[in-house]
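Peer 1: the following block contains a protein sequence and its predicted model.
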Amino acid sequence: MNNKKFDYIIVGAGSAGCVLANRLSEDSDNQVLLLETGGSDKSIFIQMPTALSIPMNTKKYAWQFETQPEPFLDNRRMHCPRGKVLGGSSSINGMVYVRGHAKDFDEWQQHGAQQWDYAHCLPYFQKAETWAFAADEYRGTEGPLGVNNGNNMQNPLYQAFVDAGVEAGYFSTPDYNGAKQEGFGPMHMTIKNGVRSSTSNAYLRPAMSRSNLTVVTHALVHKVLLEGKKAVGVRYERKGKVIDVAVNKEVILSAGPIGSPHILQLSGIGPKAALAEAGIKLKHELAGVGENLQDHLEFYFQFKCKQPISLNGKLDLWSKFLIGTRWILTRTGLGATNHFESCGFIRSKESVEWPDLQYHFLPAAMRYDGKEAFAGHGFQVHIGHNKPKSRGYVKAVSSDPKAHPQIRFNYLEHEEDREGFRACVRLTREIIGQSALDEFRGEEIQPGIDVQSDEEIDTFVRQFVESAYHPSCSCKMGTDELAVVDPQTKVHGIEGLRVVDSSIFPTIPNGNLNAPTIMVAERAADMILGKQTLAPSTAEVVIDPNWHKQQRSGSPDRKIK
């Protein structure tokens with residue numbers, strides 16, 4: 001490797017890196033090297049969708065990062081797992097496919113990411129996917145990524161939740177990734193033929209037979225090699241050996257919202273004071289590296305279920321054995337879904353133009369580690385405020401690439417974020433209280449009916465809120481003083497260096513981040529190759545015309561108590 005020169009070196013075989021590896025190696029003249037710290041994704045716990053809680057909590061497959069004590073969450077240290085395996089976080093995530101609201105991408109453009117508005121992004125969402133249902137001007141049918149609805153909401157609790165949302169005065173939306181995100185309807189997931197449709201399965205594996213693509217696993221990148229203000233290669237370590245590899249054209253960091261800013265800092269690129277504190281020699285001052293860090297928080301609203309139809313009845317070893325055996329033999333059944341098959345996107349109050357709250361409905365009451373919450377049947381809805389104002393950072397602590405960086409999100413620092421979670425509690429209680437759920441809804445388990453006042457809600461949220469595992473925005477795209485990359489994804493002031501992953505989002509979208517990360521990589525690949533980017537879409541977007549004066553569609557005078 002020391003003597004071989006590549007046209008492109010991609011750091012990180014994750015949600016973005018696998019896409020880039022495929023697209024850049026489509027031209028046989030390009031010699032492409034893909035470096036990944038983790039190893040193979042050939043594990044039943046990764047490939048079987050129902051096992052999603054296992055890989056994200058396994059050191060072999062995920063960086064088990066922890067935040068610094070979060071001052072506005074009673075100084076709790078929050079879990080921040082990131083994929084460390086082929087496919088990256090797309091191999092350990094919940095497989096939920098949410099593009100985000102169209103206005104989220106218009107917001108990117110307003111923050112200086114020119115031509116990253118919804119019209120320019122939609123064609124790349126379409127390019128990436130094969131949608132399981134009817135094609136239209138919003139959905140793609142020829143892309144590598146499989147997208148469907150799992151088991152198509154066979155459990156009656158899924159539809160009851162959607163009906164309750166509509167009964168409470170909100171829109172019904174058959175496709176929240178289409179014309180109208182706002183409302184309640186089926187949820188989509190990245191699963192194909194009953195198997196996780198990670199970027200490793202969808203993009204990397206079909207490309208690995210190409211002679212011009214070299215994939216090196218178990219490679220810990222130390223830094224980007226610089227000559228003056230130009231990236232000339234990468235230093236990495238494998239099996240105790242340190243290897244320098246040279247690049248002809250570009251180094252592309254796709255190590256994610258924690259890894260990419262950390263590697264930039266280890267390379268001497270970042271805020272002057274932070275690098276000095278870590279004992280790293282400054283090569284290029286860039287104040288925004290590691291700043292602007294954002295994430296989604298959520299908590300579980302849990303209820304007992306009056307009918308024995310929830311997944312809590314499938315958590316015993318014998319049931320798991322039967323589910324696993326059926327999946328191994330047929331790739332069908334409860335093993336072939338992530339179980340989040342219905343959802344909702346609503347606005348927290350009038351004067352909010354597009355949804356800022358997101359619901360994932362689960363016909364079970366259990367924790368993310370797969371353990372049941374109580375003995376008996378139950379259901380839960382994951383709810384979070386998805387447009388936070390609070391901002392955090394990622395900082396290297398030393399020049400040692402094996403030392404985890406310091407991470408702090410400053411969750412709920414901003415009062416508007418705390419207000420958003422108060423709305424989460426009150427609006428959700430009203431939705432679950434609709435007659436559509438009367439035959440199923442039992443006692444409220446969490447937060448509990450005694451949690452009512454602002455102070456009680458704030459206390460509950462501080463103690464029980466969890467990360468939704470959507471860190472992003474730590475190498476933001478734009479042209480202001482905190483921008484790390486320009487709208488072509490090139491690092492400001494450094495030749496031959498790009499960042500392509502969720503760290504370059506200027507602001508966090510309203511939804512899960514795997515879909516927009518893949519979209520960004522698809523579009524960036526065309527830019528890197530010098531291709532004409534796809535023509536912008538003219539598809540219309542539906543916005544509630546009364547957003548400025550009412551919180552929901554069907555009842556303008558209703559106010560949360």
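Peer 2: Yep, that arrived. Numbering: from 1, shown residues only.
Peer 1: let me know the pLDDT of residue 367.
Peer 2: As summarised for this prediction, residue 367 has a pLDDT of 72.
Peer 1: likewise for residue 16?
Peer 2: 98.
Peer 1: do the same with residue 314
Peer 2: Note on residue 314: pLDDT of 89.
Peer 1: what sits against it?
Peer 2: Taking C-beta atoms under 8 Å, 6 or more residues apart in numbering, we find residue 314 in contact with 320, 323, 334. All C-beta atoms are positioned from the backbone trio N, CA, C, and that covers glycine.
Peer 1: for residue 98, same thing?
Peer 2: By C-beta under 8 Å, 6+ apart, the neighbours of residue 98 are 176, 177, 188, 358, 509, 511, 512, 515.
Peer 1: run the last query once more with 10 Å
Peer 2: Shown in contact with residue 98 (C-beta atoms under 10 Å, 6 or more residues apart in numbering): 176-177, 181, 187-189, 343, 345, 358, 360, 386, 509-516.
Peer 1: same question, residue 287
Peer 2: 270, 271, 272, 273, 274, 480, 481, 482, 483, 484.
Peer 1: and residue 245, by the same measure?
Peer 2: By C-beta under 10 Å, 6+ apart, the residues touching residue 245 are 1-6, 9, 33, 35, 214, 216, 219, 225, 233-236, 251.
Peer 1: partners of it in the sheet?
Peer 2: Beta bridges link residue 245 to residue 234 when assigned by DSSP bridges.
Peer 1: so how far is residue 38 from it?
Peer 2: Separation of residue 245 from residue 38 (C-beta to C-beta, to the nearest Å): 19 Å.
Peer 1: could you do residue 320 as well?
Peer 2: Taking C-beta to C-beta, one finds residue 320 at 26 Å from residue 38.
Peer 1: the more surrounded of those two?
Peer 2: Per other C-beta atoms under 10 Å, whichever of residue 320 and residue 38 has more neighbours is residue 38, with 24 against 16.
Peer 1: pretty sure the more buried one contacts residue 63?
Peer 2: Yes: the criterion here is C-beta atoms under 10 Å, and residue 38 meets it with residue 63 at 8.8 Å.
Peer 1: still on that earlier bit, between the contacts of residue 314, which is nearest residue 432?
Peer 2: residue 334 (23.7 Å; C-beta to C-beta).
Peer 1: any chance of the contacts of residue 314 in a markdown table, plus secondary structure, pLDDT and distance to residue 437?
Peer 2: Converted to a markdown table, these look like this (DSSP: H, G, I helix; E, B strand; the rest coil; pLDDT from 0 to 100; distance: C-beta to C-beta, whole Å):
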| residue | secondary structure | pLDDT | distance to residue 437 |
| --- | --- | --- | --- |
| 320 | helix | 92 | 27 |
| 323 | helix | 95 | 26 |
| 334 | helix | 96 | 22 |
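Peer 1: filter the contacts of residue 287 down to the buried ones and hand me the ChimeraX line.
Peer 2: To isolate the buried members of these in ChimeraX, using 16 or more other C-beta atoms under 10 Å:
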select :270,271,274,482,483,484
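Peer 1: low pLDDT regions in this structure?
Peer 2: The model of the chain has pLDDT under 70 over residues 1-2, 368-373, 555-561.
Peer 1: longest helix in it, please.
Peer 2: helix 415-432 (DSSP state H).
Peer 1: buried stuff in that one?
Peer 2: For helix 415-432, burial by neighbour count (16+ other C-beta under 10 Å) applies to 417-418, 420-429, 431-432.
Peer 1: could you dump these to TSV with distance to residue 398?
Peer 2: Output for the buried residues of helix 415-432, formatted as TSV (distance: C-beta to C-beta, whole Å):
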residue	distance to residue 398
417	32
418	35
420	36
421	36
422	40
423	42
424	39
425	42
426	46
427	45
428	44
429	47
431	48
432	48
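Peer 1: show me what contacts the closest residue to residue 324 other than its chain neighbours?
Peer 2: Excluding the flanking residues, the one nearest residue 324 by C-beta to C-beta, 6 or more residues apart in numbering is residue 335, at 6.0 Å. If you count contacts by C-beta under 10 Å, 6+ apart, residue 335 has them with 44, 48-51, 194-195, 320, 322-328.
Peer 1: if you set the cut-off to 7 Å instead, what comes out?
Peer 2: By C-beta atoms under 7 Å, 6 or more residues apart in numbering, the contact set of residue 335 is 48, 49, 50, 323, 324, 326, 327.
Peer 1: which two in the residues you listed are spaced the farthest apart?
Peer 2: 49 and 326 (12.8 Å).
Peer 1: the two - which one has more neighbours?
Peer 2: residue 49 (24 against 16).
Peer 1: you'd agree the more buried one is up against residue 93?
Peer 2: No: Residue 49 is beyond contact range of residue 93, at 10.7 Å (criterion: C-beta atoms under 7 Å).
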